[in-house]
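Enquirer: one predicted model, sequence on top.
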Amino acid sequence: MSEMPKSGEKAPDFSLPNQKGNVVKLSELKGKKVCLYFYPKDDTPGCTKQACNIRDNWKALEKKGILVFGISKDSVKSHGKFAEKYSFSFPVLSDEKKEVIEKYGVFKEKSMYGKTFLGVQRTTFLINEKGIIIKIIKKPVVGNHAEEIVAGFEA
């Protein structure tokens, strides 16, 4: 398991397909404010609430010039269904090999119902126009996440 990059460090670059199969490359987003939010699984209660909060506050994020990308290890096909079902206005990226999830150190030991297992820890990285991580939100509030993202860029 990799260590999580720290605030003040350059964000690790990556190329991942979105829900339509188009590749998104972080290095091509220089000059823009980027929010990467890692989440455990498509169409589960917490992840759906988080994504719908971002969708519902999309205009506020757009107005601040913030590009938002959700990332999980679900397939492009799964992302396509998830994004279509809830009419997302932002891309969700597929990291089936967990390469980016590992690079960002968010694949962690978790526990649920007394069992421990490895999974994606819900974590958000805010990256400035120079590609530097300016804030890491380790336990985002799923129903208020867009507000946390805006506040993080304004801090």
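Expert: Looks like it came in fine.

Enquirer: quick one: contacts for the nearest residue to Met4 once chain neighbours are set aside?
Expert: Distance criterion Cβ to Cβ, 6 or more residues apart in numbering; nearest residue to Met4, sequence neighbours excluded, is Gly105 at 3.2 Å. No exception for glycine: its C-beta is placed from N, CA and C like everyone else's. Gly105 makes contacts with Met1, Ser2, Glu3, Met4, Pro5, as judged by Cβ atoms under 8 Å, 6 or more residues apart in numbering.

Enquirer: so which helix or strand takes in the last one?
Expert: What that stands for is Pro5. If you go by DSSP states H and E, Pro5 is not part of any helix or strand.

Enquirer: how many residues are close by it?
Expert: Counted with other Cβ atoms under 10 Å, the neighbours of Pro5 add up to 16.

Enquirer: distance from the helix or strand bottoming out on mean pLDDT in the chain to the middle of the chain?
Expert: Least confident helix or strand, the chain: strand 107-112 with a mean of 85, by mean pLDDT, DSSP states H and E. Centre-to-centre, strand 107-112 and its host chain are 17 Å apart (Cα atoms, centre = their mean, to the nearest Å).

Enquirer: for the residue nearest to Asn144 when sequence neighbours are not counted, report the pLDDT, please.
Expert: Leaving aside its chain neighbours, Asn144 sits nearest to Asn53 (6.6 Å; criterion: Cβ to Cβ, 6+ apart). For Asn53, the model assigns a pLDDT of 97.

Enquirer: wait, Asn53 touches His145, no?
Expert: Yes - counting by Cβ atoms under 8 Å, Asn53 touches His145, with 5.0 Å between them.

Enquirer: does the residue most central in space within the chain sit in a helix, a strand or a coil?
Expert: A centroid search over the chain (Cα atoms, centre = their mean) returns Tyr37, at 1.7 Å, as the residue closest to the centre. Secondary structure assignment for Tyr37 (DSSP: H, G, I helix; E, B strand; the rest coil): strand.

Enquirer: number of residues surrounding the residue nearest to Asn144?
Expert: Asn53 has 20 neighbours, counted by other Cβ under 10 Å.

Enquirer: fine by me, thanks again.
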